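*Asks:* have a look at this prediction, sequence included:
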Amino acid sequence: MNGSSEHWYVDDQFARQLGDPAHAAVIERRWSHLADALRGHFCSRTDARPLRVLDIGCGDGINLVGLDRILSQLGLPARLFAADMSAIRTGRVAEAGRAPGALAMASVTALPFATGAFDVVLCNHVIEHVPGPGAVVTELARVLRPGGLAIIGVPNEGCAMAWLRNHVLQRSVLKTTDHVNFFTRGSLLRLLGRAPLVVEDVRAGGLFVPHHRLSRLFTASPRGRALLDLAGRLWPSQAADLTAIATRRA
C-alpha cells in the first residue's frame with residue numbers, strides 16, 4: 001500500500017472529513033440518503049423494540065455519529081454496533097463510545113455476529129476497497145434479518161467522467177488509489193443481485209468531477225456544491241457516488 005493510502009488509514013477521519021467544509025458537505029449528503037432510507041423503511045413501525053443497527057467498515061465512527069443523530073430525530077430507538085479490521089479505527093470508536101451495542105475488530109467478510117442479528121446494516125464506501133466484494137455482500141446479507149434494511153454506498157468510479165479522470169486527465173490516481181473495484185449503477189446492481197437482497201432504490205449524489213483540483217474548486221463553496229448537486233440530478237449516470245437501498249429476502 002502506498003504512503004498516501006497508509007496516511008488515510010491512520011489519520012483522524014473526523015478532522016480530515018468533518019473538519020473540511022467540502023468533505024463535510026459530502027458526508028451530510030450521504031447522511032441525507034441514510035435518513036431517507038430509514039424514514040421510508042420504518043415510517044409505520046409500531047414495535048417498541050430498539051433497532052439493532054450495524055455499521056461494517058466503520059472507520060473512526062463518522063457514520064455512527066450520523067446514524068445516532070438520524071435515528072434520534074426520527075424517534076427510532078436503536079442500539080449501534082460496529083466492525084472494522086483496523087485496530088487504530090476500532091480503538092478510536094471504543095474510546096469515544098460510539099458503538100454501545102458491541103464493537104468488533106473483524107474483516108467485513110467474516111463478521112462475528114449471528115445470522116439475522118440486525119435490523120439495519122450499513123456498508124458505506126467500503127466494498128470498493130475489498131477484492132471479491134461479493135463475499136462482503138453475502139456476509140452483510142447473512143447478518144441482516146429477513147425484511148431488514150441494507151444500505152450500501154460506493155463511489156461511481158466506473159462512469160465516463162471517472163474514466164476521463166483516471167485514464168486521461170489525472171492518471172496518477174490509478175497509481176495511488178487503494179480502490180480495487182470501480183462501480184457503476186449497473187455493476188452495483190449486478191453485485192447485489194447475486195445476494196439474497198431486493199434492491200428498492202439507488203440514490204445518486206453529486207457529480208463526478210474529472211480532476212481533484214477542479215473538484216476542490218467547485219466543492220470549496222456552497223454555490224459550487226449546489227451546482228454539482230444539480231448537475232448530478234440532471235446527469236445521474238455521472239454522479240459522484242451511489243447509495244443502494246435494499247431489503248433482505250425472507
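*Replies:* Right, received. Where do you want to start?
*Asks:* partner strands of the longest strand belonging to the chain and their direction?
*Replies:* Determined from DSSP state E, the single longest strand within the chain is strand 144-155. As defined by DSSP bridges, the strand partners of strand 144-155 come to strand 118-124 (parallel), strand 241-248 (antiparallel).
*Asks:* pLDDT of the longest one, averaged?
*Replies:* What that stands for is strand 241-248. For strand 241-248, mean pLDDT is 97.
*Asks:* same question for the first one.
*Replies:* Computed over strand 118-124, the mean pLDDT rounds to 98.
*Asks:* in it, what counts as buried?
*Replies:* The neighbour-count check on strand 118-124 (16 or more other C-beta atoms under 10 Å) flags 118-124 as buried. Where C-beta positions appear, they are placed from N, C-alpha and C, glycine not excepted.
*Asks:* mind listing residues that contact that strand?
*Replies:* 30, 34, 38, 51-57, 63, 67, 78, 81, 108, 136, 140, 143-145, 148-153 (C-beta atoms under 8 Å, 6 or more residues apart in numbering).
*Asks:* which residue is nearest the middle of this protein?
*Replies:* Asn124 (1.4 Å; C-alpha atoms, centre = their mean).
*Asks:* name the helices or strands packed onto the lengthiest helix in the chain?
*Replies:* In the chain, taking DSSP state H as the definition, the longest helix is helix 21-42. Counting contacts by 3 or more C-beta pairs under 8 Å, 6 or more residues apart in numbering; DSSP states H and E, helix 21-42 packs against helix 62-73, strand 118-124, strand 144-155, strand 197-205, helix 212-219, helix 222-234, strand 241-248.
*Asks:* wait, which of those is closest to Thr177?
*Replies:* strand 144-155 (10.0 Å; C-beta to C-beta).
*Asks:* output the helix or strand following that closest one as PDB, nothing but the C-alphas.
*Replies:* Using DSSP states H and E, the helix or strand that follows strand 144-155 in sequence is helix 160-164. The C-alpha trace of helix 160-164 is given here as PDB (Å, rounded to 0.1, in the frame of the first residue of the first chain):
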ATOM      1  CA  ALA A 160     -17.400   8.100 -18.100                       C
ATOM      2  CA  MET A 161     -16.300  11.100 -16.100                       C
ATOM      3  CA  ALA A 162     -14.200   8.900 -13.800                       C
ATOM      4  CA  TRP A 163     -12.700   7.100 -16.800                       C
ATOM      5  CA  LEU A 164     -11.700  10.600 -18.100                       C
END
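*Asks:* right, I'll call it a day here.
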